[in-house]
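Asker: got a predicted structure here, sequence first:
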Amino acid sequence: MPLHRTKHPSAGESDIFSGHAMRVTVPKRRIPASGMPSDVAFQIVNDELMLDGNARQNLATFCQTWFDDHIHKLMDVSIDKNMIDKDEYPATASLEDRCVHMIADLWSSPAAGSTVGCSTTGSSEAAMLAGLALKWNWRRRKQLKNGVAEKPNLVTGPVQVCWHKFARYFDVELRELPVDADHLGLTPQTVLAAIDENTIGVVATMGVTFTCQYEPVAAIAAALDETEQKTGLDVPLHVDAASGGFLAPFLHPELVWDFRLPRVRSINASGHKFGLAPLGVGWVVWRRSEDLPEDLVFRVNYLGGNMPTFALNFSRPGGQIACQYYLMLRLGHEGYRNLHEGSYAVARHLAKELEKIGPFRLLFDGDSRNGIPAVSWTLRAPDAAGYSLFDLSERLRARGWQVAAYTMVPNLQDTVVMRVLVRHGFSRDLADALLDDVCRALESLETHPVVRKMEAQFAPMYTHG
């Protein structure tokens, strides 16, 4: 019989880590002169990513970190679809259009089938687009009245950093009203004291970044309505529903905060927060088409067709849009409600057990009528404690948990807060594991006191969603 002499590589020769690229440091600040096999490059990058924190244990982020297999598949098939090119990808454009009108209906728009809105890269871009519309409409009103439109201002409570960016980038005075221990957000009284004829709008937040509570949108709207009746001063209301926009309608449809209030002219939300979509999608919807000034809409034809666009970005991936539509079809009202009810149940459990531990005073306890599925707290006696919440956060990080600790907004900057966001995929068992680690960390801090308490690296710390 014939003899076949086949040389098989040794185990060392076939192992990816035996190659030259794994024995040297790859360039970090320049493109290498020659490439390497794709599996080697992949392994190097994959190993670097391994050093990131575990996203599922990141309890500081509002963004989703758990997705089903169908989400992954839709993202894969959409990787080459440019959301902005509606002529080349009409099906993806149609999904965006359907999402806009579904969301307008979710938010009780009086013209849900015909009003305007758009997708964005997140609620920060959506908020800035809404802010631009407020500024343009204010300028038009002022010019019609007396021809002078100078020194615009925007009135808000404690807001996410995107509103600070908007004010700085687009030359608007941000009147971020101070809070106190009894009022951790906007009140009708503070709003009315701050507005004037140069106020382009008031921003009320459904899910304050710092404490997780809903601001009283209906009460603020009523106060602005009464002011207009008495003085003629017409100040529109924008609702930053980055988190609450995909929570309140499903959990408490009777809660009036949306377009059922005529004073509300626009709403923004994050699809990638409690809309449950992958990172990179936000939404903004206007009450009526006329609430979005035509001057802000650009029309281009160099991608094929005559395409209107209103965005800070241009090219964007389409996968997140497809996934948002998929989630709305798959879950429906009932599915969203069930998932969010589960998150609120875990948040209430956390709040109850954290209060039992001893040194904490709750600021928000995960009540679905008053805020998002989250818990925020501070130390009862921070001066007497031998540690700060920054120290506790650092100890928890040693176990993989990322729990935000930060200073509050002006007037309460000496108050340090911790916050846990409960998202889809964070189970009761994981919550109990976190509670066990909190107890261990506190025991360690009390047994081995810190020499010097950790303080905030940034004050105030604007946390990104």
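Answerer: Noted; the coordinates are in hand.
Asker: quick one: the helices in the stretch 251-400 of the chain?
Answerer: Counting by DSSP state H, counting those that start in this stretch, the stretch 251-400 of the chain has helices at residues 319-357, 389-397.
Asker: neighbours around the closest residue to residue 414 other than its chain neighbours, how many?
Answerer: Spatially, and ignoring its direct neighbours in sequence, residue 414 is nearest to residue 407 (7.5 Å; C-beta to C-beta, 6 or more residues apart in numbering). (C-beta placed from N, C-alpha, C; glycine too.) Residue neighbour count, defined by other C-beta atoms under 10 Å, stands at 19 for residue 407.
Asker: and residue 407, how far is that from residue 361?
Answerer: Going from residue 407 to residue 361 by C-beta to C-beta, to the nearest Å gives 16 Å.
Asker: next: residue 410.
Answerer: Counting by C-beta to C-beta, the gap from residue 410 to residue 361 is 21 Å.
Asker: residue 206 now?
Answerer: Per C-beta to C-beta, residue 206 is found 24 Å from residue 361.
Asker: so between those two, which is more surrounded?
Answerer: Counted by other C-beta under 10 Å, residue 206 and residue 361 do not tie: residue 206 has more neighbours, with 25 against 12.
Asker: contacting residues for the more buried one?
Answerer: Residue 206 makes contacts with 214-215, 217, 239-245, 247-248, 257, as judged by C-beta atoms under 8 Å, 6 or more residues apart in numbering.
Asker: can you get me a residue count around the nearest residue to residue 415 once chain neighbours are set aside?
Answerer: Excluding its sequence neighbours, the residue lying closest to residue 415 (C-beta to C-beta, 6+ apart) is residue 408, at 4.5 Å. By other C-beta under 10 Å, 22 other residues sit near residue 408.
Asker: ok, residue 408 - contacts?
Answerer: Contact partners of residue 408, counting by C-beta under 8 Å, 6+ apart, are 158, 179, 210, 415, 416, 417, 460.
Asker: the nearest residue to the first one once chain neighbours are set aside: what secondary structure?
Answerer: Take residue 158 and drop its neighbours on the chain: the residue closest to it by C-beta to C-beta, 6+ apart is residue 409, 4.1 Å away. In three-state terms, and counting by DSSP: H, G, I helix; E, B strand; the rest coil, residue 409 is coil.
Asker: and for residue 238?
Answerer: What three-state DSSP gives for residue 238 is strand.
Asker: what bridges to it?
Answerer: Here residue 238 shows beta-bridge partners residue 203, residue 266, assigned using DSSP bridges.
Asker: pLDDT below threshold where in the stretch 1-150 of the chain?
Answerer: Low-confidence segments of the stretch 1-150 of the chain (pLDDT under 70): 1-13.
Asker: the strands in it, which residues?
Answerer: 117-120 (DSSP state E, counting those that start in this stretch).
Asker: any idea how far the nearest residue to residue 371 once chain neighbours are set aside is from residue 118?
Answerer: Spatial nearest neighbour of residue 371, excluding adjacent residues (C-beta to C-beta, 6+ apart): residue 213 at 4.2 Å. Using C-beta to C-beta, we find residue 213 at a distance of 28 Å from residue 118.
Asker: same deal with residue 440?
Answerer: Relative to residue 118, and taking C-beta to C-beta, residue 440 is found at 47 Å.
Asker: those two: which has the busier surroundings?
Answerer: Higher neighbour count among residue 440 and residue 118: residue 118, with 22 against 14, using other C-beta under 10 Å.
Asker: so what pairs up with the more buried one in the strands?
Answerer: Beta-bridge partners of residue 118, counted by DSSP bridges, are residue 284.
Asker: let me know the closest of the contacts of residue 408 to residue 393.
Answerer: Within the contacts of residue 408, the smallest distance to residue 393 is 9.6 Å, found for residue 416 (C-beta to C-beta).
Asker: how about the contacts made by the closest one?
Answerer: Counting by C-beta under 8 Å, 6+ apart, residue 416 makes contact with 378, 379, 382, 388, 389, 390, 405, 406, 407, 408, 456.
Asker: the fourth one touches residue 452, doesn't it?
Answerer: No - using C-beta atoms under 8 Å, residue 388 and residue 452 do not qualify as a contacting pair, with a distance of 9.7 Å.
Asker: which one of the two has more residues nearby?
Answerer: Counted by other C-beta under 10 Å, residue 388 and residue 452 do not tie: residue 388 has more neighbours, with 20 against 7.
Asker: what about the residue nearest to residue 415, distance to residue 155?
Answerer: For residue 408 relative to residue 155 (C-beta to C-beta), the value is 19 Å.
Asker: contacts for the helix or strand containing residue 191?
Answerer: Element membership for residue 191 (DSSP states H and E) is helix 188-194. With contact meaning C-beta under 8 Å, 6+ apart, helix 188-194 is reached by 155, 157, 175, 177, 183, 202, 216, 219-220, 222-224, 227.
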